[in-house]
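Chemist: Any chance you can model this:
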Amino acid sequence: MTFTLPALPYSKNDFGDLISPETFDYHHGKHHNAYIVKANELVAADPALQGKSLVELIELTAAQGPKGLFNQVGQIWNHSFYWLGLSPEKKEPTGALLELINEAFGSVDALIEKLKAEAVGHFASGWAALNLKDGKLEVTSYHDADTPVAHGAVPLLILDVWEHAYYIDYRNARPDYADKILRNAIDWDFVAQNLDGMGLTRADQPGKAS
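Modeler: This next block holds a predicted model:
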């Protein structure tokens, strides 16, 4: 079976100074792709794993390993979901999503500050996330390759805080990266779409026979 690198849903030149084409070349073209190459190698070596989707492999390896494969498939899903949550056009939350934001945080700006604090305060590598839990919005974070898929969460948005996500454009200034992306480059329409509980499948890939 093989997983493939998903195409970006926009041009790598669309984000101006927020995310440079060079960052997309390395982050998407090299880092994301490297996880796919390694996952395909590991799955090919074990017939019992073949034919399973990304989500199935994440759930399986989160429970019983191997940890090496969990790291690869978790990172594939996380990156795919991250790309889908970005927009080169500045958008604003509306409708049911806006109502949930105001209920949980008081305002969109307060949510952004909460997500930024989670991203900046997260030690070392990982992901800041906005999930839906028991009908309410929740901000959390995950270490390394951990993923909302492994925790039964309803994912709405995920922000990469591994250094390779921002070092080319922001050097070590993670706060600047988090602030600029959260305020200017989030696809809130995609976030709202994920309120239907189908966010897991939007970044999934079926296992395909090679």
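Chemist: how about the strands in this protein?
Modeler: For the chain, strands defined by DSSP state E occupy the ranges 126-133, 136-143, 154-160.
Chemist: helices or strands up against the first one?
Modeler: Contact partners of strand 126-133 among helices and strands, from 3 or more CB pairs under 8 Å, 6 or more residues apart in numbering; DSSP states H and E: helix 108-121, strand 136-143, strand 154-160. Backbone N, C-alpha and C define where each C-beta goes, glycine included.
Chemist: List the buried residues in the second one.
Modeler: Neighbour counts using 16 or more other CB atoms under 10 Å place 137, 139-142 of strand 136-143 among the buried residues.
Chemist: Quick one: mean pLDDT for it?
Modeler: Strand 136-143 carries an average pLDDT of 98.
Chemist: What of stretch 55-65?
Modeler: Mean predicted lDDT for stretch 55-65 stands at 96.
Chemist: Enumerate the positions of that stretch that are buried.
Modeler: Quick answer for stretch 55-65 (16+ other CB under 10 Å): 55-62.
Chemist: List the contacts of the helix or strand of the chain with the lowest mean pLDDT.
Modeler: Lowest by mean pLDDT, DSSP states H and E among the helices and strands of the chain is helix 199-202, with a mean of 93. With CB atoms under 8 Å, 6 or more residues apart in numbering as the test, helix 199-202 has contacts from 55, 81, 84, 148-149, 154-156, 193-194.
Chemist: Derive a ChimeraX selection command for the buried subset of these.
Modeler: In ChimeraX syntax, the buried subset of the contacts of helix 199-202 is picked out as below (16+ other CB under 10 Å):
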select :55,81,84,148,149,154,155,156,194
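Chemist: Which one of the contacts of helix 199-202 is nearest to residue 112?
Modeler: For the contacts of helix 199-202, the residue nearest residue 112 by CB to CB is residue 156; the value is 13.7 Å.
Chemist: My guess is that closest one contacts residue 195. True?
Modeler: Yes - with contact defined as CB atoms under 8 Å, residue 156 counts as touching residue 195 (7.0 Å).
Chemist: Please enumerate the shared neighbours of the two.
Modeler: With CB under 8 Å, 6+ apart as the test, residue 156 and residue 195 both reach residue 132.
Chemist: By residue count, which helix of this protein is the longest?
Modeler: helix 67-84 (DSSP state H).
Chemist: And residue 154, how close does it get to residue 117?
Modeler: 22 Å (CB to CB, to the nearest Å).
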